[in-house]
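Asks: I need the structure of the sequence given here:
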Amino acid sequence: MTETHFNPGPDTTLAFREALGCFGTGVTVVTTMAPQGPMAITVNSFASVSLDPALVLWCPAKISTRYAEFMAARHYVIHVMAEDQHSVAKGFAMNGADFSVADWSPSQTGAPLLHGCLARFECTQQAVHDAGDHSIIVGQVDAAMHRPGRGLIFKRGQYGDFAPRG
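Replies: Next up, the predicted model:
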C-alpha cells in the first residue's frame, strides 16, 4: 500500500483534495429565490450544528458564480439527495438556474422545494463566517421533513449510494 505524505499548501492542492475525497459525504442541493429567479447549487459541505435551537451549516466556495446570490439569500432550502437523484445533483452542479432537471414547488418564503429528496431543511440565514476560500453559512431551521430511502453519496470524485452491511 502506497501512502502519500505532504504538508497542505499551494503546491499540494491536488493531494489535499484527494485526501479529502477519501471521506464519503452525502450530497445536498441548496436552493433559494434570487432576484433573477430560482437558483440552486450542489454541495457536500453540510452539517448539523445544534438541536436547540435547530441550526445547520453549509459552505459555498467564494469562486462559485452563484456565491453572491446565496450570500444575499435570507431564506434557502437544503435538500438531502436520494440515491436516484444523481441527475438532479449533477444538473445543478453544472447550471444552478436550470430547474428543468427537477420537479419543484415554491415554499412559503418562495425558495424552491425539490420533490423526491430524502430530507429537506427550510432555513433562515443566521450567521456567515469567513473560512478561507469558502464561507460558512449557518441557518436556523424553520421547517424540516424526511422520508425513508437511501441517500446519494459522493466519494473520490464519484457519485454512489450506501449499502448497509449485514
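
Asks: CA atoms for contacts and neighbours, from now on please.
Replies: Noted.

Asks: helices along this structure, start to end?
Replies: Using DSSP state H, the helices assigned to the chain run over residues 13-20, 67-72, 86-94.

Asks: and the first one, how far out from the chain middle?
Replies: Distance of helix 13-20 from the chain centroid (Cα atoms, centre = their mean, to the nearest Å) equals 19 Å.

Asks: tell me how many other residues crowd Ile136.
Replies: Ile136 is surrounded by 19 other residues when neighbours are defined as other Cα atoms under 10 Å.

Asks: ok, now Gly26?
Replies: By the criterion of other Cα under 10 Å, Gly26 has 22 neighbours.

Asks: need the contact list for the residue nearest to it when sequence neighbours are not counted.
Replies: Sequence neighbours aside, Ile153 is the residue nearest to Gly26 in space, at 4.6 Å (criterion: Cα to Cα, 6 or more residues apart in numbering). Ile153 is in contact with 24-27, 83, 159-162, counting by Cα atoms under 8 Å, 6 or more residues apart in numbering.

Asks: can you check Phe16 too?
Replies: With Cα under 8 Å, 6+ apart as the criterion, the residues that contact Phe16 are Pro8.

Asks: quick one: it and Pro8, what's the gap?
Replies: Using Cα to Cα, to the nearest Å, one gets 6 Å for the distance from Phe16 to Pro8.

Asks: Phe6 touches Thr12, doesn't it?
Replies: Yes: under the criterion of Cα atoms under 8 Å, Phe6 makes contact with Thr12 at 7.2 Å.
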